[in-house]
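Novice: Okay, here's the prediction I keep looking at, along with the sequence it came from:
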Amino acid sequence: MNVTHLVPDFLKVPLRRPYWAAIGLLYRSHLALQYRLPKVIAPHFCPVCGAGLRRFKVIAWGDTACVFCDSSERRRLAWSFLSRCTDLLDGRLKSMLHIAPERPFEVALSKLLGAGYVSADLLKPNVRVRVDITHLPFPNDSFDVVLCSHVLEHVQDDLQAMQEFTRVLKLRGWALIMVPHFPEIGKTFEDPSVTDPAERLKLFGQEDHVRVYGEDFVSRLENAGFEVRVMRSADFLSQKDITRFNITHLSGDIFLCTKRG
Ligand SMILES: [Zn+2]
């Protein structure tokens with residue numbers, strides 16, 4: 001949040017840098033006092049940044065986030081999966097396409113993979129490549145890993161985007177895909193004629209969503225050329241860790257997709 005407009009002009013000129021540095025330090029100290037605890041006694045733990053926590057902060061829709069790295073439930077689930085169930089963090093994989101990169105992941109992965117790490121987005125500044133994911137500007141078989149979380153529900157032609165992911169993945173590559181997923185509604189609900197943000201909010205739950213994925217999400221991925229495994233927190237985390245990381249049904253599922261050979 002930019003609050004510089006709240007600061008009187010007479011303070012901005014002579015005290016700009018030290019002033020903001022002091023505010024930052026005070027804010028971080030306040031957060032630490034309010035939320036941080038030594039890991040050995042903390043009831044909660046953020047698997048993304050490694051902070052021991054008294055509690056997570058409640059954010060929108062009852063979701064919770066780590067105040068130190070801003071990781072929501074789905075990010076904590078995804079990072080736990082990447083670190084425990086894949087060889088991505090071993091540094092043996094060489095190339096990764098990360099769509100709409102989550103900041104804490106981006107920092108760690110770009111350090112690990114160097115030039116092999118490609119962050120990409122249609123709108124976000126500071127990504128390596130500006131892309132439309134339905135037309136990726138990469139040759140076939142370019143990446144070991146594609147990571148794309150909570151993006152496809154914004155894309156009109158999601159089949160084309162999924163096909164692009166299969167195309168740019170190497171034969172033994174894999175994609176971690178997450179979306180808001182509601183199997184209980186039955187078939188995926190979409191209506192391309194709905195373009196009004198208020199109507200989208202009413203029908204799809206967010207002003208820039210174009211559908212609500214239902215039970216057929218896996219078959220949509222399969223139609224794009226993937227073999228799919230659905231991974232839930234209990235498949236790879238102990239109940240103790242699920243509680244410590246505060247992961248609930250709000251985190252959703254992980255769709256682990258491999259290119260059909
Ligand atoms: Zn964290």
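Specialist: Yep, it's here.
Novice: where exactly do the strands run in the stretch 51-200 of the chain?
Specialist: 52-53, 57-58, 64-65, 96-99, 117-121, 129-130, 143-149, 169-178, 189-190 (DSSP state E, counting those that start in this stretch).
Novice: Adding mean pLDDT and mean neighbour count, write the ones you listed out as CSV.
Specialist: No exception for glycine: its C-beta is placed from N, CA and C like everyone else's. Output for these, formatted as CSV (pLDDT from 0 to 100; neighbours: other C-beta atoms under 10 Å):
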stretch, mean pLDDT, mean neighbour count
strand 52-53, 96, 20
strand 57-58, 94, 13
strand 64-65, 95, 20
strand 96-99, 98, 25
strand 117-121, 97, 21
strand 129-130, 96, 12
strand 143-149, 97, 23
strand 169-178, 96, 19
strand 189-190, 96, 16
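Novice: ok, the residue of the stretch 151-261 of the chain found nearest the ion - contacts?
Specialist: The stretch 151-261 of the chain approaches the ion most closely through Phe245 (10.0 Å), counting by C-beta to the ion. Going by C-beta atoms under 8 Å, 6 or more residues apart in numbering, Phe245 touches His44, Phe45, Cys46, Pro47, Arg76, Leu77, Ser80, Leu237.
Novice: Could you give the number of residues near the second one?
Specialist: This means Phe45. 19 (other C-beta atoms under 10 Å).
Novice: backbone phi and psi for it, please?
Specialist: phi -150, psi 130 (degrees, to the nearest 10).
Novice: Residue numbers of the protein in contact with the ion?
Specialist: Counting by C-beta under 5 Å from the ion, the residues of the chain close to the ion are Cys46, Val48, Cys49, Ala51, Cys66, Phe68, Cys69, Ser71.
Novice: which one of the residues you listed is nearest Asp144?
Specialist: Closest to Asp144 out of the residues of the chain next to the ion is Val48 (21.2 Å), distances taken as C-beta to C-beta.
Novice: Which residue, other than its chain neighbours, is closest to the closest residue to the ion within the stretch 101-250 of the chain?
Specialist: Nearest to the ion in the stretch 101-250 of the chain, going by C-beta to the ion, is Pro104, at a distance of 6.8 Å. In space, and not counting its chain neighbours, Pro104 is closest to Cys69: 4.3 Å by C-beta to C-beta, 6 or more residues apart in numbering.
Novice: Same check on Ala224?
Specialist: Spatially, and ignoring its direct neighbours in sequence, Ala224 is nearest to Met162 (3.4 Å; C-beta to C-beta, 6+ apart).
Novice: which residues touch that neighbour?
Specialist: Counting by C-beta under 8 Å, 6+ apart, Met162 has contacts Leu152, Arg220, Leu221, Asn223, Ala224, Gly225, Phe226.
Novice: could I get these as a markdown table with secondary structure?
Specialist: As requested, the contacts of Met162 are arranged in a markdown table below (DSSP: H, G, I helix; E, B strand; the rest coil):
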| residue | secondary structure |
| --- | --- |
| Leu152 | helix |
| Arg220 | helix |
| Leu221 | helix |
| Asn223 | helix |
| Ala224 | coil |
| Gly225 | coil |
| Phe226 | strand |
